[in-house]
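[1] my questions concern the predicted model and sequence given below.
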Amino acid sequence: MDAREMKVKAAEAALQHVEDGMRLGIGTGSTAEEFVRLLAEKVAEGLKVEGVPTSERTARLCLELGVPLKSLDELPELDLTIDGADEMDAALTLIKGGGGALLREKIVAAASARMIVIADETKLVETLGRFPLPIEVNPFGLAATRIAIEKCAERLGLAGEIRLRRAGESVFTTDGGHFILDASFGRIPDAEALSTQLNSIPGVVEHGLFINLASFAIIAGPSGARTLKAN
Ligand code: 5RP
């Protein structure tokens, strides 16, 4: 089974949790896109759902495939969000934001009664941090915010390159008009402590650590998909 097939397997298993009439948060990334394609087939067959997309990219795909969309202001309370992740540990703490949509993804997940994470098994790690942590920052005061992040990392015994995300020749800009700093800490033994510290920096809009948001994960490997509950 190749990587795409594993994503499809996870998306198929997640679709089993979608019921008629649900208000759905719809994630961003290649795994979430496989879910959107399968969801669109069910919608074409008559399934009634309303989706809130977590990015402009996801919104475009949903519109193209005929998945009905609402804004989060129209549907501020959601039944279920289905989204991918860049990394997850056994407690289902996630690193998200590889696709640059972490702020809307976190707002949508927090507005949902349940969040199911869909991923292939390469995303499962013992300790988070191999994947650089995306930190969404306000463009104003970028240098000061970077220094504050470095100092906060230092206090927690973390170190590593903090790189401004680029898109070709330009600086990558999120749907909300912010920049992303990708922090290569290598290991994040205490995600809660890092989250608290980052949230205390004024220039940090949000970060990609998702703590206590995932209800369970559907992990696909060569032998199929399995459900992983937080330990
Ligand atoms: C986007 C995300 C994605 O969920 C994450 O990057 C996983 O993407 P993929 O399914 O393509 O591996 O957080 O901001």
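    Thanks, I have the structure now.

[2] tell me which residue is most central in the protein.
    Within the chain, one residue has its C-alpha closest to the average C-alpha position: by Cα atoms, centre = their mean, that is residue 96, at 4.0 Å.

[3] contacting residues for that residue?
    Going by Cβ atoms under 8 Å, 6 or more residues apart in numbering, residue 96 touches 83-86, 102, 105-106, 134, 208, 210. In short, each C-beta sits where N, CA and C put it, glycine included.

[4] please apply the same query to residue 53.
    For residue 53, counting by Cβ under 8 Å, 6+ apart, the contacting residues are 26, 28, 59, 62, 69.

[5] roughly how far apart are the closest residue to residue 129 other than its chain neighbours and residue 85?
    Spatially, and ignoring its direct neighbours in sequence, residue 129 is nearest to residue 188 (3.9 Å; Cβ to Cβ, 6 or more residues apart in numbering). Using Cβ to Cβ, to the nearest Å, one gets 14 Å for the distance from residue 188 to residue 85.

[6] what is the mean pLDDT for the lengthiest strand in the chain?
    If you go by DSSP state E, the chain has its longest strand at strand 112-120. Per-region confidence: strand 112-120 scores 98 on mean pLDDT.

[7] what does this protein put close to the ligand?
    With the criterion set to Cβ under 6 Å from any ligand atom, the chain comes near the ligand through 27-32, 83-86, 96-102, 105.

[8] just the buried ones from those residues?
    27-29, 31-32, 83-86, 96-102, 105 (16 or more other Cβ atoms under 10 Å).

[9] can you pull out the helices in this structure?
    Along the chain, the segments classed as helices by DSSP state H run 3-15, 30-44, 56-65, 102-110, 142-155, 191-199.

[10] most packed of the ones you listed?
    The densest packing among these, expressed as mean neighbour count by mean count of other Cβ atoms under 10 Å, is seen in helix 102-110 with a mean of 23.
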